[in-house]
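Colleague: I'd like to go over a predicted model; first the sequence, then the structure.
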2 protein chains.
Amino acid sequence: MNGIDANIGDVWKEPSGEATDVVLSSRVRLARNLAGFNFLSRATRDDRRQITRIVQSRLVQSGLIDSLVWVDLDKSESLDRLVMVERRLISKQHAKGDEPRAVILSEPDERLSIMVNEEDHLRIQMMRGGMALEDAYDEIDAIDDKIESVIEYAFCPRFGYLTACPTNVGAGIRVSAMLHLPALKLIGEIDKVRRAAKSMNLAVRGFYGEGSEAIGEIYQISNQTTLGKTERDILASFSTGIMPKIIEYERHARRRLMENRREIVEDRVNRALGTLRYARLLNADEAIRLLSQVRLGVVLGMIEDLDLSTVAELMLISQPAHLQKVIGTELNQAQRRAARAALMRDRVASH
Amino acid sequence: MNGIDANIGDVWKEPSGEATDVVLSSRVRLARNLAGFNFLSRATRDDRRQITRIVQSRLVQSGLIDSLVWVDLDKSESLDRLVMVERRLISKQHAKGDEPRAVILSEPDERLSIMVNEEDHLRIQMMRGGMALEDAYDEIDAIDDKIESVIEYAFCPRFGYLTACPTNVGAGIRVSAMLHLPALKLIGEIDKVRRAAKSMNLAVRGFYGEGSEAIGEIYQISNQTTLGKTERDILASFSTGIMPKIIEYERHARRRLMENRREIVEDRVNRALGTLRYARLLNADEAIRLLSQVRLGVVLGMIEDLDLSTVAELMLISQPAHLQKVIGTELNQAQRRAARAALMRDRVASH
């Protein structure tokens, strides 16, 4: 890819999975390492370069998997890397540094991304709009098999797949979902969810992933350990055990709000819409917070001239790197605030 | 007046004086007492009744002054009295209690109001839109002379007019102006103005008068003492000495804002406009704060589809009693918040 563009992948544009009223996106990620190479913590620059060469030739150049694009991150523009971080195609860590590393993307949908030389040699990720973990798993499982047909993974019969971080050893799978929980926040029950999730050994993170605060009541929930369980077990307990409970809990909170505090919700939703349509300066966090309110308004039928797909796209293009891509020029922080407000005014305008 | 209606007097509707960019309204008030009666602190109910009878017959029934209306406050509806308080035709104190008391209003302009049996037997008040203290004084002076031709005032050659409160003894005059000082507030210099005003023995009050906080950067500034000075001296030092300085200070602050922080002002102004156009619940204080920002926007040419007269009217009808008059029914606080937001949405709607 010669510079990633501002066109948003399918995951963002068309949330087509289940439960899109609550679930923004689902993700399945596999951690895999090549047999015969040190883990990256001990790998030399030359090891890394060899790994990228093997992966590029056997997965991409061979045509093993359709429509893949190879992006050398150590040669790409900083802004392009940030765009990929915002789109969750690569991690923040993977965007940094000057070591030989890459990402493989499926184009144009960008559902599949394979980080090469991140924490593990390969981090294979499948993303979907809405709740679609089973589908995502089926797809990533097929891809994993294809890769294993041409690359030997580091695997130990006793433990399973060997990974750099012990929490990934075993099935090496992480499943996660990005949830929008504004009603639980508003009725003050979000901490119950956090505690319940932690007691079930789930990680609860904010909008920007690891270590980040929840902004706009968006929470990323994922499994923590993979040792001693099969992929299907992990997937099932998350996808059909835990997720439906949280989704129903949020929906119940929304129904309660609509019965008891409808005016207050309408006020918040409409104020957010008004601010997006009138502000002249907006920082990224406020934009997400406002769009979060608007998203709730769309789901509750309070806003009719916007849809979830537009809101998802706006959440993404309100982020600094996307904003600059959309505007087509580099902007400092003050310029971004003005440009972001102008973009929102234009895109959220009443029709 | 058989129930004051929701039609706003000229003072509010057409700010026609000078410096309307900064000055909302000007007021001159005379404190007068009838000779031969105790001050009200020592007056019996019968004294009060006699005073109202004398005043009513000699000023209103006699036709001495044109277009006057007599309102018995002890017989009027509580909501009507609150409307008059919000319109600054009577004081909060005068609205309360069940003693015989009244107010005389000039109709339909409501520039003149004469409170009967407030703190003094008569409190004669002339109000004007914008900066118009000289005109207001000329008019009230002529009325004062007329009244004195039919009613003997308590007067002592050594001190002047005798009044219930020592700060009013002498000329018995209070001049005041309601100022809109958002730029001084924004650049953090409002406290300088407060200190300067206090050092010149001026009282600085908020939107709702004595003891109230400044809401929406609206300040009422008035002279404090009247003893040993002529009416003209007091008027001149206030109207041509102090006021032009404060007005120029605010205008200077606005110019500085437009040069250095134009984007920030535009953001604040437009957010306020957006909130007025979108909120579903609004309390009175927030409405005033938002309208204050909008007023600044109108003055600075940032908002073109509203004018100062509309903003002034909205400030008034956002108040609880006016709101209920406009809606035409009694409302509790929660209902008022919803009704106020609906009214603002309607009246501030983009055309």
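Modeller: That came through, no problem.
Colleague: Report the secondary structure state of residue A:90.
Modeller: coil (DSSP: H, G, I helix; E, B strand; the rest coil).
Colleague: Give the burial count for it, as a bare number.
Modeller: By the criterion of other C-beta atoms under 10 Å in any protein chain shown, residue A:90 has 26 neighbours. For glycine as for every other residue, the C-beta is placed from the backbone atoms N, C-alpha and C.
Colleague: my read: it touches residue A:80, true?
Modeller: No - checked against C-beta atoms under 8 Å, the pair residue A:90 and residue A:80 is beyond contact range at 10.2 Å.
Colleague: how much space is there between the residue sitting furthest away from the middle of chain A and chain B?
Modeller: The centre of chain A is farthest from one residue, residue A:260, which by C-alpha atoms, centre = their mean lies 33.5 Å away. To chain B, residue A:260 is 13 Å away according to C-beta to the nearest C-beta, to the nearest Å.
Colleague: What pLDDT does the model give that residue?
Modeller: We have a pLDDT of 96 for residue A:260.
Colleague: separation between it and residue A:174?
Modeller: The spacing between residue A:260 and residue A:174, counted by C-beta to C-beta, to the nearest Å, is 38 Å.
Colleague: Excluding chain neighbours, give the residue nearest to the residue nearest the centre of chain A in space.
Modeller: Centroid-nearest residue in chain A, with C-alpha atoms, centre = their mean: residue A:88, separated by 4.4 Å. Leaving aside its chain neighbours, residue A:88 sits nearest to residue A:127 (6.7 Å; criterion: C-beta to C-beta, 6 or more residues apart in numbering or on different chains).
Colleague: Please name the residues that touch the one you found.
Modeller: By C-beta atoms under 8 Å, 6 or more residues apart in numbering or on different chains, residue A:127 lies in contact with A:11, A:25, A:26, A:27, A:88, A:110, A:111, A:112, A:113, A:136.
Colleague: can you do 10 Å?
Modeller: Counting by C-beta atoms under 10 Å, 6 or more residues apart in numbering or on different chains, residue A:127 touches A:9-12, A:25-29, A:87-89, A:109-113, A:136, A:140, A:176, A:178.
Colleague: after the helix or strand hosting it comes which helix or strand?
Modeller: Following DSSP states H and E, one finds residue A:127 within strand A:122-129. Using DSSP H and E, the next helix or strand after strand A:122-129 towards the C-terminus is helix A:133-150.
Colleague: Find residues that contact each of residue A:90 and residue A:80.
Modeller: Joint contacts of residue A:90 and residue A:80 (C-beta under 10 Å, 6+ apart) are A:71, A:73.
Colleague: Tell me the secondary structure at residue A:24.
Modeller: strand.
Colleague: which parts of the stretch 251-351 of chain A sit against chain B?
Modeller: Within the stretch 251-351 of chain A, the residues that sit near chain B (C-beta under 10 Å from any C-beta of the partner chain) are A:262-282, A:302, A:334, A:337-338, A:341, A:345, A:350.
Colleague: Please indicate which of those are buried?
Modeller: A:265-282, A:302, A:337-338, A:341, A:345 (16 or more other C-beta atoms under 10 Å in any protein chain shown).
Colleague: The closest residue to chain B within the stretch 101-250 of chain A: what's it in contact with?
Modeller: Distances between the stretch 101-250 of chain A and chain B by C-beta to the nearest C-beta are smallest at residue A:186, namely 14.4 Å. Residues near residue A:186 by C-beta under 10 Å, 6+ apart: A:217, A:253, A:254, A:256, A:257, A:261, A:264, A:265, A:268, A:293, A:296.
Colleague: so what's the first one up against?
Modeller: The neighbourhood of residue A:217, defined by C-beta under 10 Å, 6+ apart, consists of A:179-186, A:190, A:206-207, A:250, A:288-289, A:292-293, A:295-296.
Colleague: ok, now with 6 Å
Modeller: Counting by C-beta atoms under 6 Å, 6 or more residues apart in numbering or on different chains, residue A:217 touches A:181, A:182, A:185, A:292.
Colleague: among the residues you listed, which one has the lowest pLDDT?
Modeller: Lowest pLDDT among these: residue A:185, 92.
Colleague: Distance-wise, check that residue relative to residue A:216.
Modeller: Applying C-beta to C-beta, the value for residue A:185 to residue A:216 is 10 Å.
Colleague: neighbour count winner among these two?
Modeller: residue A:216 (24 against 19).
Colleague: Filter the residues of the stretch 251-351 of chain A next to chain B down to just the ones in helices.
Modeller: A:262-278, A:334, A:337-338, A:341, A:345 (DSSP state H).
Colleague: neighbours of residue A:254, just the number please.
Modeller: 22.
Colleague: and the closest residue to residue A:139 other than its chain neighbours, bridged to which residues?
Modeller: Leaving out its chain neighbours, the residue that sits closest to residue A:139 by C-beta to C-beta, 6+ apart is residue A:126, at 5.5 Å. Counting by DSSP bridges, residue A:126 is bridged to residue A:28, residue A:112.
Colleague: thought residue A:126 was touching residue A:28?
Modeller: Yes - using C-beta atoms under 6 Å, residue A:126 is in contact with residue A:28, at 5.0 Å.
Colleague: Pull up the overlap in contacts between the two.
Modeller: Contacts common to residue A:126 and residue A:28, judged by C-beta under 6 Å, 6+ apart, are A:136, A:140.
Colleague: May I ask which helix or strand encompasses residue A:322?
Modeller: Using DSSP H and E, residue A:322 falls in helix A:320-327.
Colleague: where are the low-confidence patches of the stretch 101-250 of chain A?
Modeller: The model of the stretch 101-250 of chain A has pLDDT under 70 over residues A:208-212, A:226-228.
Colleague: For it, just list every one of the strands.
Modeller: A:102-106, A:112-116, A:122-129, A:155-156, A:160-161, A:173-180, A:202-205, A:218-223 (DSSP state E, counting those that start in this stretch).
Colleague: Any chance of CSV for the ones you listed, columns distance to residue A:307?
Modeller: CSV is the format used below for those (distance: least, C-beta to C-beta, whole Å):
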stretch, distance to residue A:307
strand A:102-106, 25
strand A:112-116, 26
strand A:122-129, 13
strand A:155-156, 45
strand A:160-161, 40
strand A:173-180, 15
strand A:202-205, 27
strand A:218-223, 18
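Colleague: Identify the structural domains in chain A and state their residue ranges.
Modeller: A:10-254, A:262-349 (automatic domain parsing).
Colleague: hmm, who's touching stretch A:144-160?
Modeller: Contacts of stretch A:144-160 (C-beta under 6 Å, 6+ apart): A:30, A:32, A:33, A:35, A:58, A:64, A:161, A:162, A:169, A:170.
Colleague: ditto for stretch A:237-257
Modeller: Counting by C-beta under 6 Å, 6+ apart, A:19, A:22, A:133, A:175, A:181, A:183, A:184, A:187, A:223, A:265 sit against stretch A:237-257.
Colleague: circling back to that earlier point, will you turn the domains of chain A into TSV that also has distance to residue B:327?
Modeller: Listed next are the domains of chain A as TSV, based on distance: least, C-beta to C-beta, whole Å:
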stretch	distance to residue B:327
domain A:10-254	29
domain A:262-349	16
